[in-house]
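Novice: here's a sequence, model it:
(one chain, ligands or ions: 3)
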Amino acid sequence: MSDERPDGVESYEHPAGGWDALKAVAKTLKHQQIVAQGSATLLKANQPEGFDCPGCAWPDPKHTSSFEFCENGAKAITWESTARRVAPEFFGEHTVSELWEWTDHKLEDQGRLTHPLKYDSATDKYEAIDWDDAFNLIGAELNKLVSPDEAEFYTSGRASNEAAFLYQLFVRAYGTNNFPDCSNMCHEATSVGLPLSLGVGKGTVTLEDFDRADAIFSFGHNPGTNHPRMMTTLHEASRRGVPIVVFNPLKERALERFAAPQNPVEMVTLSSTRIASAYHQVRTGGDLAALKGLMKLIFERDAADLAAGGEGVLDRAFIAEHTVGIDGLKEDLAKASWADILGVSGLTMEALNSAVDVYLNARNVILCYGMGITQHANGTANVQQLANFLMLRGNVGRPGAGLCPLRGHSNVQGDRTVGITEIPNKALIDGMERAFGFRPSDKKGHNAIESIEAIAAGRSKALICLGGNLAVAMSDPDVTFEAMRKLDLAVHIATKLNRSHLLTAKTSIILPCLGRTDLDTQASGPQAVTVEDSMSMVHASRGFLKPPSEFLKSEPAIIAGIAKATLGARYGIDWNGLVANYDRIRDKIEVVFPDFHEFNSRVRGRGGFRLDVPASYRVWKTASGKANFLVAPGLDEDPRLKNPTTLVLTTLRSHDQYNTTVYGLDDRYRGIFGRRDVIFMNSRDLAERGLRDGDRIDIRSAAGDGSGKTVIGFTAVEYNIPAGSVAGYYPEMNAVIALDHYDRKSGTPSYKGVPVVIAKSGIQAAA
Ligand SMILES: Nc1nc2c(c(=O)[nH]1)N[C@H]1C(S)=C(S)[C@@H](COP(=O)(O)OP(=O)(O)OC[C@H]3O[C@@H](n4cnc5c(=O)[nH]c(N)nc54)[C@H](O)[C@@H]3O)O[C@H]1N2
Ligand SMILES: Nc1nc2c(c(=O)[nH]1)N[C@H]1C(S)=C(S)[C@@H](COP(=O)(O)OP(=O)(O)OC[C@H]3O[C@@H](n4cnc5c(=O)[nH]c(N)nc54)[C@H](O)[C@@H]3O)O[C@H]1N2
Ligand SMILES: [Mo]
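Specialist: Ligands and ions are numbered 1, 2, ... in the order given. Got it, this is the predicted structure:
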């Protein structure tokens, strides 16, 4: 690498966290013009009487009441509680066509939406509309459809349990199960894969388990950016001497070294703590091979130990009493050759052996994973192999051990729990009948990809979005954007303006809502909502800021407004009563889902309560009644990736974004400043293509229907990433991801395993 780096590219030598994190927060507060109010707001995040931080789903420590500093939580909160506003005058000044040319960052950066808006195609502008007119228009449009299955109801994972429950009630009373939601693009591989392995689609550990773990394995997640409060836990574990073994193609700084902003010694002495004890740069999409290698070694060690007169290294008692299928796994592993395992994973035998040493030396192992595992064409298989790996040593269902999927949005797990699912089971249907006296349809509805396919094909004509930015989050903007423009009705319940709102339908409506930090007052007084974190803890969240505009409604109130206008008195549901006091919504949640028994009283207790996770005490709600070792044939995510000219692209979040919300153009820990138009590449891959650090390149998709999709004029950045793997930012790179490139088991788009061809810009890349 030459000393002269491309513009905005430097090497970042500091540990993650530390003073740079504090500086970044100060800058954000200033930009959002809330210096005075901002710090008070931050202090109320994740406190017993405060609001749940919308930043991530990592749980709150029960035993501390001190403010946990979190740079990206602070960004999420200040982004929402900004003093900036987009009032109707703003829309009077800008046509939709003009706004379309703005960046995603600039659109959201205008501030909070203040009024309900309706698009006027004659002027190409959004104009203010009365709430009741908006509701009546939506109701009339929905009632015009030939079948309720012609409408799609998207949910993004910030919605509270109360909002999500009311939404699914409305949609089921209306008559469809078309529930595309953000978890379809996120942890669906977990929700589909783990129930077959362990009988539950959620993580099995609690925060306390981390205090008792003897080793932590981390696959494909970047907590320094996406779950910063997890760094407190990893920092503590490392200082206790717990080995942390990381599998990630990129050397993420926070997984290498972290200076805890709450640790005065580290802050004053500019010292830091190492996080990973070993860092294995697996190739993108190489996790299945790596996991099979690890398990194959464990079986080899077991055989050797038995031959030497030992007891073996497997937990035989656990396997005999609690599992089925180990022989099938063993056979499958025997078929995998070492040459293939090492070739596909990109790891050495030594690396795999050292990871197995750590695993076998530890009594209790926790395994954490994120999108690097799930967002692949074989995401479900990946997740199931992680479960296999733990089960070999009984590392599930006892203290200090288990699986820890890092969830995305702060309530994405809760939304699923309270009924946002396109595949309702009998318990849900029975529960709804018990609570509301009608029996909803059990017909399978659409997930996120299916909803876009249905809209593109003209089979679905209406889309209602409870938050999010579906069009930008979804793969394949060529197909997705065009599909959205064909809709008869598009409704967005949102806090801020985004690109999805600009894909106007015949009737387009934006309904501005309160956010997590805002005070929510209904007929009975101020309300709290509830959320479920990624460790199944349910707790209350109370906003306290004066709402950004007097015209805003809460999400439950908006859903009730749409429901009344659409359904009238159907099934005698008391929409007004439910919204007047959210306790009544919770009473109904409890009737539908008995696991929420005494919901209102339990959630008022300090810290809330934990939902039942039977696998965490070794009760297996699977068809076999046991935990299942499941086999995933082969090693390769996708045979197309074998083509020697293709590179495997993974798409990442920068440190300065929240999904499609781009706070700023820096990605500090990766040394990128002021730009996002970069592709991280290995020096060998550059050389093989006659490219150098800083060259302008075009990226062309090489997958199925996606062939030919291109992103042009990006800059190649020489980076420490395995040869054959390249990385770029989400959502920019969604343009090269074909809609039909997804995990066939879970429907999760393969955002992290995209075959691409890269060549110097302007030169047509050869396939
Ligand atoms: N500040 C902030 N917080 C967030 C979000 C945000 O955008 N910003 N998003 C929220 C949401 S919805 C989610 S789902 C989570 C996402 O949290 P993460 O799962 O951490 O999300 P990604 O940025 O997609 O990072 C994936 C990590 O996987 C690695 N990786 C990529 N491909 C592979 C692979 O093939 N194998 C392996 N082993 N690793 C791979 C990448 O290098 C990266 O470190 O965070 C949530 N929290
Ligand atoms: N290439 C690629 N694509 C990806 C991913 C990837 O890693 N790579 N990750 C995928 C993942 S994991 C996810 S979860 C999806 C994210 O998909 P979404 O959940 O659809 O997207 P977000 O960017 O989180 O949504 C941001 C918008 O939510 C609205 N909003 C914010 N707060 C609130 C609120 O309190 N209420 C309401 N009603 N609206 C609110 C704002 O208007 C904001 O513009 O993207 C997926 N897409
Ligand atoms: Mo997510």
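Novice: and residue 437, how many residues sit next to it?
Specialist: 10 (other Cβ atoms under 10 Å). For the C-beta atoms, the positions are set from N, CA and C on the backbone; glycine is no exception.
Novice: pull out the buried positions in the strand or helix carrying residue 268.
Specialist: If you go by DSSP states H and E, residue 268 is part of helix 264-269. By neighbour count on 16 or more other Cβ atoms under 10 Å, the buried set for helix 264-269 is 266-267.
Novice: starting at the chain centroid, how far to it?
Specialist: Centroid displacement of helix 264-269 relative to its chain, using Cα atoms, centre = their mean, to the nearest Å, is 33 Å.
Novice: same for that helix, what does it pack against?
Specialist: With contacts defined as 3 or more Cβ pairs under 8 Å, 6 or more residues apart in numbering; DSSP states H and E, the packing partners of helix 264-269 are helix 18-31.
Novice: which strands or helices does the helix it packs on pack on?
Specialist: helix 35-43, helix 71-80, helix 264-269.
Novice: pLDDT averaged over that helix - what is it?
Specialist: Averaging pLDDT along helix 18-31 gives 76.
Novice: now the angle between helix 71-80 and that helix, please.
Specialist: If you take axes from the mean of the first three to the mean of the last three Cα atoms, to 10 degrees, helix 18-31 sits at 0 degrees to helix 71-80.
Novice: and ligand 1, is helix 18-31 touching that?
Specialist: No. Using Cβ under 6 Å from any ligand atom, helix 18-31 never reaches ligand 1; the gap is at least 11.4 Å.
Novice: got the CA coordinates for that helix in CSV?
Specialist: Taking Å, rounded to 0.1, in the frame of the first residue of the first chain, the C-alpha atoms of helix 18-31 are listed here in CSV:
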residue,chain,number,x,y,z
GLY,A,18,-12.7,6.3,24.4
TRP,A,19,-12.5,10.1,23.9
ASP,A,20,-13.4,9.9,20.2
ALA,A,21,-16.8,8.5,21.2
LEU,A,22,-17.4,11.3,23.6
LYS,A,23,-16.4,13.9,21.0
ALA,A,24,-18.8,12.3,18.5
VAL,A,25,-21.7,12.6,20.9
ALA,A,26,-20.9,16.3,21.5
LYS,A,27,-20.9,16.9,17.8
THR,A,28,-24.2,15.2,17.3
LEU,A,29,-25.9,17.2,20.1
LYS,A,30,-24.7,20.4,18.6
HIS,A,31,-25.9,19.5,15.1
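Novice: was I right to think residue 448 contacts residue 186?
Specialist: No. Using Cβ atoms under 8 Å, residue 448 makes no contact with residue 186, being 9.6 Å away.
Novice: out of these two, which sits in the more crowded spot?
Specialist: residue 448 (29 against 26).
Novice: residue contacts, that one?
Specialist: By Cβ atoms under 8 Å, 6 or more residues apart in numbering, the residues touching residue 448 are 154, 180-182, 184-185, 470, 474, 747.
Novice: now do it against residue 749, distance only.
Specialist: 8 Å (Cβ to Cβ, to the nearest Å).
Novice: intersection of neighbour lists for the two?
Specialist: Residues touching both residue 448 and residue 749 by Cβ under 8 Å, 6+ apart: 185, 474.
Novice: and the residue of the chain that's closest to ligand 2?
Specialist: Residue nearest to ligand 2 within the chain: residue 468 (2.6 Å; Cβ to the nearest ligand atom).
Novice: which SS class is that residue?
Specialist: Assigned by DSSP: H, G, I helix; E, B strand; the rest coil, the conformation of residue 468 is coil.
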